[in-house]
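Peer 1: Sequence first, then the predicted structure:
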Amino acid sequence: MPDADDSRVKAYRKQAREGTLPPVLLWWVSGLDCHLILDGHARLAAAIAESVEPPLLQLHRTVPGEDLTARIDQAVGLYEDELERSAELRAVHGPTVPDGAATAGPQLVRALHRLNTAEQRTWAWPLPGGEDQWRRIAREVTAGHDWPRA
């Protein structure tokens, strides 16, 4: 994070005070159970310096396209099965039995909504070469930089 006196932060502080600060871009990583800042470190620092809540834009993984059609078909199939079951009960017990749409309809709507909006687990693959390779890459990337040490 840049310091409050960083030139980029100073430029954003006025926008933070005025409420016109562009959003900080976040990525939800399920394996870490947290957000990572993809873009907007200086904007976040400006918001913190001005004691205002920054606008946020969260990205997260949704149902993959190849799975979406199958999951929609499954949800619609459950809806149709419930309508059929209710019709059979109505045929036996009369019109006092609900037709099924009152309960199955909202369930279908919720299921379809979740398919389009629910967060899915993010993916990760092990780095070939493991920890030793990761440390080598980290050394190469940070060579020549005076990074603070924890």
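Peer 2: It's in.
Peer 1: From here on, just use CA atoms for contacts and neighbour counts.
Peer 2: Will do.
Peer 1: quick one, phi/psi of residue 37?
Peer 2: With angles defined as degrees, to the nearest 10, residue 37 sits at phi -80, psi 120.
Peer 1: Going forward, count from 708.
Peer 2: All right, first residue 708 from here; so that's residue 744.
Peer 1: Spell out which residues make up each domain of this structure.
Peer 2: By the assignment in automatic domain parsing, the chain contains the domains 714-768+829-849, 772-824.
Peer 1: Check which element follows the strand or helix carrying residue 785 along the chain.
Peer 2: Under the criterion of DSSP states H and E, residue 785 resides in helix 772-800. Going down the chain from helix 772-800, the next helix or strand is helix 808-824, by DSSP H and E.
Peer 1: for the helix or strand following that following helix, which positions count as buried?
Peer 2: Downstream of helix 808-824, the first helix or strand assigned by DSSP H and E is helix 837-849. For helix 837-849, the buried set under the neighbour-count rule, 16 or more other Cα atoms under 10 Å, is empty.
Peer 1: Also stretch 819-827?
Peer 2: Buried, per 16+ other Cα under 10 Å, within stretch 819-827: 819, 822, 826.
Peer 1: What is the nearest of the residues you listed to residue 737?
Peer 2: Set against residue 737, the nearest of the buried residues of stretch 819-827 by Cα to Cα is residue 826 (8.8 Å).
Peer 1: List the residues that contact the closest one.
Peer 2: Taking Cα atoms under 8 Å, 6 or more residues apart in numbering as the criterion, residue 826 is in contact with 767, 768, 769, 770.
Peer 1: Which of those fall in strands?
Peer 2: Residues of the contacts of residue 826 located in strands (DSSP state E): none.
Peer 1: Relative to residue 777, which of those residues is nearest.
Peer 2: Looking across the contacts of residue 826 and measuring by Cα to Cα, the closest to residue 777 is residue 770, at 10.7 Å.
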